[in-house]
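Colleague: no sequence for this one, just the structure:
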Ligand SMILES: Nc1ncnc2[nH]cnc12
């Protein structure tokens, strides 16, 4: 697949070829014959023939091509054809990687994915990241990206400056269709951060979208953020949130994710309210953890909407032409019409949005439930997304936890500060508490932050993880000896998540891409994640989403206290409660 697609253009010769198919000078590659398809512009099911030449739909209508030499004819056979679905807000690094997510998404009919660039900022530099974006064009999906304005954590000054220097070039890159998501909106609104405001205006000048991150925002905040330049927000938790955002002119993500599986009640609420403005909505799964996707990706969201009683065609349009239009990509995505990329889902019936067959960029990915996609190999190494290799070691003596404040888990992702009362000078914390030692270690080995985490486990010896917001290393557990062992094993396997109990490794998940993302196919990862959850549950982890607990430990867009590279932070006050210690 050519990189041209990303750049809005096929070459002149290709465009001439496409027109030549209409005259019969060339034969189409594939024809879907006499098929019932969704015309997203007329909002009607129609019957006709869809001609595809290579990766593009060249004709849709009642005629058959004059030239059929070598053409694959696919009989309509009572099937329904709809455009490939669009995931407008993916975080392609929740143990999976952009490739494994894309392949799984395509299998389930989601053939366009719009991705967060956050992990590239931490794992590589922009030049190498940009070459990887080009590599990603080989995948069986249309892949676009968003460019962050902030890092959703508090970095050390030198690192912050180094990373910020890289941001402007992302905003102008062809593959970037959106700025955001803006998790640092309080800094913009109350902290008067004119740098972010400037970047937002630059993104808008380039006719790209700016996505917010406004959970629970009041009308005033939503209004002011609109004035400052937001176009969209995907943080609605209720139908009322959706209506408020649409009323103020936001295009709105309606979310079904592992942390916020809200879609059924949002959709039911909208039906109850007789909501009509579906053209302002798009579904998102917002970077769910692997196991959540067992029921599908955007196909599952359509299914939920249909079951809630959303008008049938609108339920499909929210997955296709509406998100395409939001990003200004509707001349080539989100429709079965001439000029569009040949992403086609074939359904058994209109009320079963999970496709039995998928064409992505004109190639079969899935045919009658069989996987027919030829796997491509991406050159991760040239972007230096390689197994973790640390040039420093950890001494048990460094594991001293004298900090008087710890982090108390309210749920999977929300942490409150608490006053530590236990005796922390011991080698092992007793099982009578649900406290664990917690250390965040700089990936380069220069600093550390030591505190306590209450609520994660009642008994686990240790967990070590190179999977975190920033790629720094999380080490936690009851036993200092087990913590050192877990750390060493994690390093040995090139990064990942390792559990140790009673001096034995009881679980390990290698994350060979930068210590953050697994190389394994999606299905395998679902299995591994479910074993991780089971194991943690055995050791007293009582919440649902341990992967997000780890990922968000440093994320300052969440309340109330976070462990960050600068130290233990009070998020609201933006104050370092206890600074990181140099090693
Ligand atoms: N802000 C965020 N960053 C990374 N992953 C996420 N998943 C959901 N929200 C996220």
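Modeller: Here it is on my side, so go on. These figures come from a predicted structure and were not determined experimentally.
Colleague: now name the helix or strand holding the residue of the chain most remote from its centre.
Modeller: Distance to the chain centre peaks in the chain at residue 66, reaching 43.7 Å (criterion: Cα atoms, centre = their mean). In the assignment (DSSP states H and E), residue 66 maps to no helix and no strand.
Colleague: quick one: it from residue 29, how far?
Modeller: 15 Å (Cβ to Cβ, to the nearest Å). Backbone N, C-alpha and C define where each C-beta goes, glycine included.
Colleague: and for residue 63?
Modeller: Noted for residue 63: a distance of 17 Å to residue 29, by Cβ to Cβ.
Colleague: and the two? Which one has more around it.
Modeller: residue 29 (19 against 11; other Cβ atoms under 10 Å).
Colleague: so where does the residue of the stretch 301-450 of the chain at minimum distance from the ligand fall, helix or strand?
Modeller: Going by Cβ to the nearest ligand atom, the ligand is nearest to residue 413 of the stretch 301-450 of the chain, at 9.2 Å. For residue 413, there is no enclosing helix or strand under DSSP H and E.
Colleague: what does the one 4 residues further on give?
Modeller: Secondary structure assignment for residue 417, by DSSP H and E: strand 415-419.
Colleague: enumerate the residues of the stretch 151-300 of the chain near the ligand.
Modeller: Counting by Cβ under 6 Å from any ligand atom, the stretch 151-300 of the chain comes close to the ligand at 152, 183, 286-287.
Colleague: looking at those residues, which is nearest residue 418?
Modeller: Using Cβ to Cβ, residue 152 is the member of those that sits closest to residue 418, with 23.4 Å.
Colleague: chain center to stretch 221-230: distance?
Modeller: With Cα atoms, centre = their mean, to the nearest Å as the basis, stretch 221-230 stands 24 Å off its chain's centre.
Colleague: quick one: low-confidence parts of the stretch 1-150 of the chain?
Modeller: Segments of the stretch 1-150 of the chain classed as low confidence (criterion: pLDDT under 70) are 1-8.
Colleague: and the spatially closest residue to residue 88 that is not a sequence neighbour, which of the three is it?
Modeller: Ranked by Cβ to Cβ, 6 or more residues apart in numbering and with sequence neighbours excluded, the top spatial neighbour of residue 88 is residue 323, at 4.5 Å. At residue 323 the chain is in helix, as set by DSSP: H, G, I helix; E, B strand; the rest coil.
Colleague: and residue 436, by the same measure?
Modeller: Residue 436 - assigned by three-state DSSP - is strand.
Colleague: that one and residue 476: what is the separation?
Modeller: The spacing between residue 436 and residue 476, counted by Cβ to Cβ, is 5 Å.
Colleague: same question for residue 143.
Modeller: Taking Cβ to Cβ, one finds residue 143 at 34 Å from residue 476.
Colleague: ok, back up a step: next, give phi and psi for the residue farthest from the centre of the chain.
Modeller: Note on residue 66: backbone dihedrals following degrees, to the nearest 10 are phi -70, psi -30.
Colleague: was I right to think it contacts residue 20?
Modeller: No. In this structure, residue 66 is not within contact of residue 20 by Cβ atoms under 8 Å, at 10.9 Å.
Colleague: what about stretch 91-104, start to end distance?
Modeller: One end of stretch 91-104 to the other measures 14 Å (Cα to Cα, to the nearest Å).
Colleague: figure out how far it is from the centre of its chain.
Modeller: Mean-position distance between stretch 91-104 and its chain equals 8 Å (Cα atoms, centre = their mean).
Colleague: and what of stretch 489-497?
Modeller: How far stretch 489-497 lies from its chain's middle: 24 Å, per Cα atoms, centre = their mean.
Colleague: straight-line length of that stretch, end to end?
Modeller: Start-to-end, stretch 489-497 (Cα to Cα) is 9 Å.
Colleague: what comes up buried for that stretch?
Modeller: For stretch 489-497, a neighbour-count test (16 or more other Cβ atoms under 10 Å) marks 489-491, 493-497 as buried.
Colleague: please narrow the residues you listed to those residing in helices.
Modeller: Using DSSP state H, the members of those that fall in helices are 489-491.
Colleague: nearest to the ligand, out of the residues you listed: which one, please.
Modeller: residue 490 (21.3 Å).
Colleague: for residue 514, see how far away the residue most central in space within the chain is.
Modeller: By Cα atoms, centre = their mean, the mean C-alpha position of the chain lies nearest to residue 91, the distance being 1.7 Å. Distance, residue 91 to residue 514, using Cβ to Cβ: 15 Å.
Colleague: which ones are touching the nearest residue to residue 330 once chain neighbours are set aside?
Modeller: Leaving aside its chain neighbours, residue 330 sits nearest to residue 324 (4.1 Å; criterion: Cβ to Cβ, 6+ apart). By Cβ atoms under 8 Å, 6 or more residues apart in numbering, the contact set of residue 324 is 86, 112, 330, 333-335.
Colleague: any idea which of those residues has the most stuff around it?
Modeller: Within the contacts of residue 324, neighbour counts (other Cβ under 10 Å) peak at residue 86, which reaches 32 neighbours.
Colleague: mind listing what the one helix or strand that one maps to pairs with, with the direction of each?
Modeller: Following DSSP H and E, the helix or strand that holds residue 86 is strand 85-90. When pairing is defined by DSSP bridges, strand 85-90 lines up against strand 110-116 (parallel).
Colleague: and after the partner strand, which helix or strand comes next?
Modeller: With elements assigned by DSSP H and E, the helix or strand that comes after strand 110-116 is helix 118-123.
Colleague: which secondary structure elements does that following helix contact?
Modeller: Packing partners of helix 118-123 (3 or more Cβ pairs under 8 Å, 6 or more residues apart in numbering; DSSP states H and E): helix 126-136, helix 157-172.
Colleague: picking that back up, is the residue of the stretch 301-450 of the chain closest to the ligand in contact with residue 549, as I believe?
Modeller: Yes. Assessed by Cβ under 8 Å, residue 413 is found in contact with residue 549 at 6.4 Å.
Colleague: when these two are compared, which one has more neighbours?
Modeller: The residue with more neighbours, out of residue 413 and residue 549, is residue 549; 22 against 17, by other Cβ under 10 Å.
Colleague: thought the more buried one was touching residue 409?
Modeller: Yes. Using Cβ under 8 Å, residue 549 is in contact with residue 409, at 7.2 Å.
Colleague: and the helix or strand hosting residue 144, anywhere near the ligand?
Modeller: If you go by DSSP H and E, residue 144 is part of strand 142-147. No. Applying Cβ under 6 Å from any ligand atom, one finds strand 142-147 separated from the ligand by no less than 11.0 Å.
Colleague: quick one: strands adjacent to that strand?
Modeller: When DSSP bridges is applied, strand 142-147 pairs with strand 110-116 (parallel), strand 176-182 (parallel).
Colleague: with distance to residue 449 added, can I get the contacts of residue 324 in TSV?
Modeller: What follows is these, written out as TSV (distance: Cβ to Cβ, whole Å):
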residue	distance to residue 449
86	39
112	39
330	46
333	44
334	45
335	50
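Colleague: redo those as a markdown table? Include distance to the ligand.
Modeller: Below are those laid out as a markdown table (distance: Cβ to the nearest ligand atom, whole Å):
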| residue | distance to the ligand |
| --- | --- |
| 86 | 18 |
| 112 | 19 |
| 330 | 26 |
| 333 | 23 |
| 334 | 24 |
| 335 | 29 |
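Colleague: ok, back up a step: now the common contact residues for residue 436 and residue 476.
Modeller: Contacts common to residue 436 and residue 476, judged by Cβ under 8 Å, 6+ apart, are 453, 456-457.
Colleague: which of those residues fall in strands?
Modeller: Residues of the shared contacts of residue 436 and residue 476 located in strands (DSSP state E): residue 453.
Colleague: columns distance to the ligand on top of the shared contacts of residue 436 and residue 476, output as a markdown table?
Modeller: Shown next, in a markdown table, are the shared contacts of residue 436 and residue 476 (distance: Cβ to the nearest ligand atom, whole Å):
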| residue | distance to the ligand |
| --- | --- |
| 453 | 20 |
| 456 | 19 |
| 457 | 23 |
